[in-house]
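Peer 1: pasting the sequence and the predicted coordinates here, then a few questions.
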Amino acid sequence: MSSRTGNRLTDNAFTADDGRKLIEQAILDIGTQFGWRPVDQSVLFYGVYYDSTKVGSFITRVTNERGEFAVLKIQLRPLPFDEGFIMRHVQSQIKTDRVRLPRIISDAPWNEKRGYGYLILEDLSQLPHLWATRPDEAAFVSGAWHHGARHRIRMPPQLAVCFPHSFKRIVHDFQ
């Protein structure tokens, strides 16, 4: 792929379209190869570039012949990283059984010949919805700031250089 802007993700936006044909082909391929088919016509998420006509990814619920449910993410444009690889790496670093990532059922990174990549993940929709409404970010950040100040929690110096603005300023900007 030639670079127009020097930014791979922005370059993707120049050649992206609504993705309809590629989504249909990917769903057909994945259904034939693995037996996973969309539950219905609903879409959980479209990842778009800059406007809603340029689709980079597509997420929907799928089911198989055994009646199991999963979530299918189709990556329509190349990414500079392999999402499945990253998820497996992160999962291997988690040291508790209380937190884990969704189980990867099958995945393949984007490749040019196929024209897409995909992840089939376990469906977690049966879990309780912890935040029925969107949390109030200002209250959350402000609460975190006040909790940190009360308990003398400080940002490690090696992280402080990554954040040019103070946490207090971030809190102020949210309010």
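Peer 2: Here it is on my side, so go on.
Peer 1: state the distance from Trp110 to Glu68.
Peer 2: Distance of Trp110 to Glu68, given as C-beta to C-beta, to the nearest Å: 25 Å. The C-beta positions use only the backbone N, C-alpha and C, and glycine is treated the same way.
Peer 1: out of those two, which sits in the more crowded spot?
Peer 2: The neighbour count for Trp110 versus Glu68, taken as other C-beta atoms under 10 Å, is higher for Trp110 (18 against 13).
Peer 1: any idea which element the more buried one lies in?
Peer 2: When elements are assigned from DSSP states H and E, Trp110 belongs to no helix and no strand.
Peer 1: can you name the residues that contact it?
Peer 2: Contact partners of Trp110, counting by C-beta atoms under 8 Å, 6 or more residues apart in numbering, are Gln75, Arg77, Pro78, Leu79, Tyr116, Gly117.
Peer 1: hmm, try it at 6 Å
Peer 2: Gln75, Pro78, Gly117 (C-beta atoms under 6 Å, 6 or more residues apart in numbering).
Peer 1: if we ignore the residues flanking it in sequence, what's nearest it?
Peer 2: Excluding the flanking residues, the one nearest Trp110 by C-beta to C-beta, 6 or more residues apart in numbering is Gly117, at 3.4 Å.
Peer 1: ok, the one you found touching Gln75?
Peer 2: Yes - assessed by C-beta atoms under 6 Å, Gly117 is found in contact with Gln75 at 4.0 Å.
Peer 1: follow-up on the earlier one: tabulate the contacts of Trp110 (JSON lines), appending pLDDT.
Peer 2: Formatted as JSON lines, those follow (pLDDT from 0 to 100):
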{"residue": "Gln75", "pLDDT": "95"}
{"residue": "Pro78", "pLDDT": "86"}
{"residue": "Gly117", "pLDDT": "96"}
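Peer 1: closest one of these to Pro128?
Peer 2: Gln75 (28.9 Å; C-beta to C-beta).
Peer 1: the closest one against Gly115, yeah?
Peer 2: No - using C-beta under 6 Å, Gln75 is not in contact with Gly115; the gap is 10.1 Å.
Peer 1: neighbour-wise, which of these two wins?
Peer 2: Gln75 (22 against 15).
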